[in-house]
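K.L.:
Sequence first, then the predicted structure:
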Amino acid sequence: MSKRVLFVCIHNSGRSQMAEAFFNRMAGGKATALSAGTRPSEGLNPAAVEAMKEIGIDISNNKPKTLTMEMVQSAEKMITMGCGADTEGVCPARLIETEDWVLEDPQGKSLEQVRIIRDEIKIKVAELIPEIENNSRK
């Protein structure tokens, strides 16, 4: 079974969806990613969909998903996005190795601002993949 990374944010409509798409594209099948939200929105952030489409990744058919305990238990690592400052307790319990990526929420941002967030996510995912692959060799 391949290693699985779980990307979690509150709405699962932007950051975590972009991270899931980048990871699955860049990992080349050596590991897989899934994304979810603690309070998923009704649909994806249109600016996030457009920003990803601009670089050849279509996430338009993705749907926000609710975080489940099964998702957490099946992941080797969980990356939370913007949950560090959360005070309402909507981020998941730290049951597995968790890392928080402090990223701006694309909600209500212009396409230009979402592109910056997208590019930050791409860099972080590119740095994460060798870490996950190295852990699978241990």
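P.N.:
On my side now, so go ahead. Numbers count the residues shown, from 1 in each chain.

K.L.:
Might you report the residue contacts of residue 98?
P.N.:
77, 78, 79, 80, 92 (C-beta atoms under 8 Å, 6 or more residues apart in numbering). Glycine gets a C-beta too; all of them are placed from N, C-alpha and C.

K.L.:
mind checking pLDDT for it?
P.N.:
You'll see residue 98 listed with a pLDDT of 80.

K.L.:
quick one: low-confidence parts of this structure?
P.N.:
1, 83-97, 136-138 (pLDDT under 70).

K.L.:
Quick test: name the residue nearest the centre of this structure.
P.N.:
Central residue of the chain (C-alpha atoms, centre = their mean): residue 16, 2.5 Å from the mean position.

K.L.:
Show me which of the contacts of residue 98 is closest to residue 135.
P.N.:
Nearest to residue 135, judged by C-beta to C-beta, of the contacts of residue 98 is residue 77 at 8.0 Å.

K.L.:
buried set for stretch 18-28?
P.N.:
Buried positions in stretch 18-28, judged by neighbour count with 16 or more other C-beta atoms under 10 Å: 18, 19, 20, 21, 22, 23, 24, 27.

K.L.:
again, but for stretch 49-57
P.N.:
49, 51, 52, 57.

K.L.:
Go ahead and produce CSV holding the CA coordinates of the helix or strand harbouring the second one.
P.N.:
Right, the one you point to is residue 51. If you go by DSSP states H and E, residue 51 is part of helix 46-53. In CSV, the C-alpha atoms belonging to helix 46-53 read as follows (Å, rounded to 0.1, in the frame of the first residue of the first chain):
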residue,chain,number,x,y,z
PRO,A,46,-13.9,29.3,-8.6
ALA,A,47,-10.6,31.3,-8.4
ALA,A,48,-8.8,28.2,-7.2
VAL,A,49,-10.3,26.1,-10.0
GLU,A,50,-9.2,28.8,-12.5
ALA,A,51,-5.7,29.2,-11.1
MET,A,52,-5.1,25.4,-11.3
LYS,A,53,-6.6,25.3,-14.8
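
K.L.:
what's downstream of it, the next helix or strand?
P.N.:
Beyond helix 46-53 on the C-terminal side, the first helix or strand identified by DSSP H and E is helix 69-74.
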